[in-house]
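S.K.: can't give you the sequence, but here's the structure:
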């Protein structure tokens, strides 16, 4: 899972494993160690309601409903977005990049913009 923060916008991007863990356990998190402090960013399922984000004690938690988790894990739904007060929130499946990058993308979803290669007879 990765996050991108710009101004009042927070984007969470989930790998296949992240989506599976969210579906099975209802919670997934990552940690970034800054030495003396650690930033935790998490995604947590809740019974109902829309998306909402909370920052507390160096932890950003994005809450999404059971219905959203179910749709994310059982359909081709790519993600969800909403405005939570001044924040714009976006949650999406992480696709492989169209260009070459150094990061491991083996757990990302296939990019729908990549055309399959035809291998003829």
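M.R.: On my side now, so go ahead. This one's a predicted model, so the numbers in the text were calculated from it and none came from an experiment. Residues are numbered from 1 along each chain as shown.
S.K.: Helices along this protein, start to end?
M.R.: Assigned by DSSP state H, the chain shows helices spanning 16-25, 66-74.
S.K.: mind putting those in TSV, mean pLDDT, mean neighbour count and distance to residue 52 included?
M.R.: No exception for glycine: its C-beta is placed from N, CA and C like everyone else's. Below are the helices of the chain laid out as TSV (pLDDT from 0 to 100; neighbours: other C-beta atoms under 10 Å; distance: least, C-beta to C-beta, whole Å):
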stretch	mean pLDDT	mean neighbour count	distance to residue 52
helix 16-25	93	15	16
helix 66-74	93	15	12
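S.K.: To residue 34, which of these lies closest?
M.R.: Residue 34 lies closest, by C-beta to C-beta, to one member of the helices of the chain: helix 16-25, at 22.2 Å.
S.K.: Packing partners of the closest one?
M.R.: strand 27-33, strand 38-46, helix 66-74 (3 or more C-beta pairs under 8 Å, 6 or more residues apart in numbering; DSSP states H and E).
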